[in-house]
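# generate coordinates for the sequence data below:
(chains A and B)
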Amino acid sequence: MLRFFHQLASPKYFYNLSGRLIPWIAVACVGFLLVGLYDGLVDAPTDYQQGDSYRIIFIHVPAAWMSLFIYMVMAGAGAIGLIWHMKLAEVMVVSCAPIGAAFTFLALVTGSIWGKPMWGTWWVWDARLTSELILLFLYLGIMALNNAVEDKRTAARATSILAIVGVVNIPIIHYSVEWWNTLHQGPTVTKFDAPSIDTQMLIPLLVMAVAFKLYFVLSLLMRARVEVLQRERNTQWVRELAEQQT
Amino acid sequence: MSTAPLSHAFLILFKRDLTLAYRKRAEIVNPLLFFVLVTAMFPLGIGADPAQLRDIGPGIIWVAALLAALLSLETIFRSDFEDGSLEQLLLCPHPLSILMLAKVAAHWVTTGLPLLLVAPLLAVLLDLPEEARSTLLITLALGTPVLSLVGTIGVALTVGLRRGGMILSLLVLPLYVPVLIFAASAVTTAGAGLPVSAHLFLLTALLALAVSLSPAATAAALRISLS
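I've put the predicted structure just below:
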C-alpha cells in the first residue's frame, strides 16, 4: 500500500498511469452525462409549479456541489503537499483551481438564468448566492497568486497556504453571510427541500452529479499531466517521451 | 550561545517597529486621510439626504476602514524585506509566529488605532445616531486587529512580488467579509436601539481565532515566499 503511494508520487509513474486511465474515465463520463441529460431533460416529469424551467437544476445543483467539493480537494492536496513535500500534491492544487472556478461560475450563471423567470430578477443577495460569489472570488485570488509567482514550486506552495486559510474561512463566511441575510431581509425564496424532491427528478440529478465528478477527475488528470510535463521538462524521461513522439 | 527570552524578543521587535513608524510620521497620516476622503466621497456621490446617509453610514465607514487597512498593510514587511532584516527574523531562534504577532501588533497600533481616533468625526459627518457611535468605536477596536492579522497572511504570500498590491486585495478582501458583516450590522443594530452584544461576541470570537491561528499561517507563508 505504502509502495503504491510512493510510486504514485513519482511524476513519471503518475504520467503513465493517468494516460491509461483517461480514456476509461472519459467514456464513463460521457455515458453518465448522456443518461443524466436524457433522464433529466426528457424523462423527468414537469414540475407543477415551475414548469420546464426547473430542469436547469440538473446542471446547476451538481455544479454548485462540485464548487465546494473541489475547494476541499484542493485544500486537502495543499495540506498533503506542505506536510509531506509531495510534488504531485502541489501539481493537484494548481490544477484544481481553474476547474473549481469554472464550476462555481457555471453554478452562478445557471442560477441567475433560472432566477430570471422564477424570481423575476437576475440576481438577489440571497445567502447562498452571496457565499457562492465569495467562493468564486477565493478561487480567482488563488489563481491570481499562482500566476503572479514566477517559480512554479514556490507558487504552488503559496497557493496551498492560501487554500488552507480559505478552508478555515469558508464556514465562517458561509454562516456570516447567512446571518447577514436573515438580518436584512428574511427568507424570500424557499428552494427545494432535499427530501421532498421526486424520485424521478432525484435519479437524473444524482446521475448528473456522478458525471460532473467524473468530468472533474478527467480534467484534473489532464491538467496535472500537462503541469507535470512542464515541471519535469528537463528530466530524462520527459526527453525520451518527446523523442518517441517525434 | 544564550538567547534572549521570548517575551523580551517580542517587546524589542514591537518597540523597534513603533520607533520606525514614529520616525516616518507622514506614513501614519496617509491611511487616515484616505479613510476620511473615501468616506467624504459617498455623500458627494449619492446625495446629502441625512436620512439616507444615516442608513448607509455604518456600511460606508466600515468599507472605508477596510480599504484603509488594506492599503496600509503593504508597508508591514516592505522596508524589512528590502533591507534584508526580514530574513534575519526568519533565522532567529525564536518561533517566527510570535515575532509575526509582535510585528502585526506594532502595525495595528500605528495604522489601525488611529482609525479609531477619526471614526467619531466621521460618525458626526454621516449623522450616525448617538447610540451607534460608541458601538462603532467598539467594533473598530475589535475588528481592525482581525483585518491586520488576516491581511498579514496575504502580505506574507505576496511580499516578493513586483505587483503585489493588486493581488493582495484579491486575496484578502474575500476573507474580510465576516468582519465587515458583523461590524457594520452591529453599528446599524445599535442605531436602531437594539442590543448588540451578540455581534460583539462574534467579533471577539473572530479576533480570538485570528490571534491564535493567523500568525502561524503568516510564518509558514513567509518561509515559502523567502525560500
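# all contacts plus neighbour counts: C-alpha atoms, from now on.
Fine.
# what residues are up against the residue minimising distance to the centre of chain B?
With distances taken as CA atoms, centre = their mean, B:Ser148 lies nearest the centre of chain B, 3.5 Å away. By CA atoms under 8 Å, 6 or more residues apart in numbering or on different chains, B:Ser148 lies in contact with B:69, B:73, B:104, B:107-108, B:112.
# show me which residues of the strand or helix carrying A:Gly166 are buried.
If you go by DSSP states H and E, A:Gly166 is part of helix A:152-184. Across helix A:152-184, burial judged by 16 or more other CA atoms under 10 Å in any protein chain shown covers A:152-167, A:169-170, A:172-174, A:176-178, A:180-181.
# so which of those residues would count as near chain B as well?
A:154, A:157-158, A:161, A:165-166, A:169, A:172-173, A:176-177, A:180 (CA under 8 Å from any CA of the partner chain).
# pLDDT-wise, what's the bottom of those?
By pLDDT, A:Trp180 ranks lowest within these, coming in at 73.
# now the helices: where do they sit in chain A?
Here chain A has its helices, by DSSP state H, at A:2-9, A:11-38, A:57-84, A:87-119, A:127-148, A:152-184, A:199-231, A:236-245.
# which strands or helices does the fourth one pack on?
This means helix A:87-119. helix A:57-84, helix A:127-148, helix A:152-184, helix A:199-231 (3 or more CA pairs under 8 Å, 6 or more residues apart in numbering or on different chains; DSSP states H and E).
# and the residue nearest to A:Leu138 when sequence neighbours are not counted, what does it touch?
Among residues not flanking A:Leu138 along the chain, B:Pro174 sits closest, at 6.4 Å (CA to CA, 6 or more residues apart in numbering or on different chains). Contacts for B:Pro174 (CA under 8 Å, 6+ apart) come out as A:134, A:137-138.
# quickly find the element holding B:Pro174.
helix B:164-191.
# and that helix, which residues are buried?
For helix B:164-191, by 16+ other CA under 10 Å, it's B:164-165, B:167-191.
# and it, average pLDDT?
88.
# next secondary structure element downstream of that helix?
Assigned by DSSP H and E, the successor of helix B:164-191 is helix B:197-225.
# now do the contacts for residue 199.
Let's take chain A. A:Thr199 neighbours (CA under 8 Å, 6+ apart): none.
# that's the other chain; I wanted chain B
B:182-183, B:185-186.
# quick revisit: need the contacts of B:Pro174 in a markdown table (columns: pLDDT and neighbour count).
A markdown table is the format used below for the contacts of B:Pro174 (pLDDT from 0 to 100; neighbours: other CA atoms under 10 Å in any protein chain shown):
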| residue | pLDDT | neighbour count |
| --- | --- | --- |
| A:Ile134 | 90 | 21 |
| A:Phe137 | 93 | 20 |
| A:Leu138 | 92 | 26 |
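# mind putting those residues in a markdown table, distance to A:Gly51 included?
Listed next are those as a markdown table, based on distance: CA to CA, whole Å:
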| residue | distance to A:Gly51 |
| --- | --- |
| A:Ile134 | 31 |
| A:Phe137 | 33 |
| A:Leu138 | 35 |
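# near the closest residue to A:Gly31 other than its chain neighbours, how many other residues are there?
In this structure, A:Gly31 finds its nearest non-sequential neighbour in A:Ala211, 8.0 Å apart by CA to CA, 6+ apart. For A:Ala211, the neighbour count with other CA atoms under 10 Å in any protein chain shown is 25.
# test my guess that A:Ala211 contacts A:Ala26.
No. Using CA atoms under 8 Å as the test, A:Ala211 is too far from A:Ala26 to be in contact (9.8 Å).
# what's the neighbour count on the residue of chain A found nearest chain B?
Closest residue of chain A to chain B, CA to the nearest CA: A:Gly141 (4.8 Å). A:Gly141 has 24 neighbours, counted by other CA under 10 Å.
# again, but for the one 3 residues further on
Taking other CA under 10 Å as the neighbour definition, A:Ala144 ends up with a count of 17.
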